[in-house]
Every structure is written in C-alpha cells, then in structure tokens.
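J.: A structural model of the following input is requested.
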Amino acid sequence: MTELTLWRPFKELERIRKEMDNIWDTLFERRPIRAEGVSEWMPSLDLSETKNSYIVNAEIPGIDPKDVEISLVDNVLTIKGEKKQEKQEENENYHVIERSYGSFTRSFRLPVQVQADKVKATYKNGVLKITLPKTEEAKKKEIKIAVE
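T.: From the prediction side, this is the model:
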C-alpha cells in the first residue's frame, strides 16, 4: 500500500526564503572587502647595466631592511623578504583592505660573472639598490680597427 504525504507548497518557499535571508545577511556582514589581485605580493624590480656593473632596484616599501636577505650563488641573485602585517586595533573596523603582506622571493640569473665579494646593497625611500660589479673578464672591451 502506498503512503500518502500531505503536500505543503509553502514549506518549500519558506526554506528558500531562509536561504535567501542567510545569503543577504552574509553579504552585509561587517567583514572587510579584499580587493582582487592583492593576496600575493611581489616587489617590482629593474635590472640595468653600466660599463662596470649591474644594478638592481627593487621596490620594497614598508619592509624593514632587517627582514630582507640577499644572496648570490652560482651567478643567481636571490632577494628574500617579508612584509609584515600591522596589528589591527580592537576598536578598528576595516571596510576595505588593499595592502598585501607576506613573504616573497625573487631570483634571476645574471648575464655575466660578477665580483660577489664586492656586491653592495643600500635601502632608501622604500627602494633596495643592489650594485653588482662585473669581473674584468665580463666587462666589454672595445677593439678599434685601424683604417688604412
């Protein structure tokens, strides 16, 4: 024998209404909005060349120079660091968070050999400048051709 069940059309509508209420409440919760594309942070850098050296300028504002590590192994320059998040005050409510925090590592191979023992790094106004002197063999030498 088949069992009959009382159909309650408004019960399903009530369930849908509760789901919509939950969605609505979630949308307007007081949580900060995180902007797209800022979850991962990687500093921008430039690599330039002069007659005697390579120069790297890396933008690392807001980072304590003590939290940056530079290494040169087998002609690969590596810059590691961490941008630490500021502590949030208990009485502060953020509405938008766009600044990114976290660790980063940038590595790249230099085109020629450099003098590792003469590498210098300075930090000023949020820019890390690394000067990598070329070896004598790596410096470009001009050969003048005598025209007769």
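
J.: Could you list the low-pLDDT ranges of the chain?
T.: Filtered on pLDDT under 70, the chain yields the residue ranges 1-5, 7, 25-40, 141.

J.: ok, which stretches of it are helices?
T.: For the chain, the helices defined by DSSP state H cover 9-27.

J.: ok, F104 - how many residues close by?
T.: F104 is flanked by 18 other residues according to other C-beta atoms under 10 Å. No exception for glycine: its C-beta is placed from N, CA and C like everyone else's.

J.: Sorry, wrong one. I was asking about I130.
T.: Close neighbours of I130, defined as other C-beta under 10 Å, add up to 21.

J.: which residue ranges form the strands in this protein?
T.: For the chain, strands defined by DSSP state E occupy the ranges 33-34, 45-49, 53-59, 68-73, 76-83, 96-97, 102-109, 120-124, 127-133.

J.: Ok, which of those strands comes nearest K144?
T.: Among those, the nearest to K144 by C-beta to C-beta is strand 45-49 (22.0 Å).

J.: can the strands of the chain go into a markdown table with extra columns for distance to W24?
T.: As requested, the strands of the chain are exported to a markdown table (distance: least, C-beta to C-beta, whole Å):
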| stretch | distance to W24 |
| --- | --- |
| strand 33-34 | 16 |
| strand 45-49 | 45 |
| strand 53-59 | 41 |
| strand 68-73 | 46 |
| strand 76-83 | 36 |
| strand 96-97 | 21 |
| strand 102-109 | 33 |
| strand 120-124 | 48 |
| strand 127-133 | 46 |
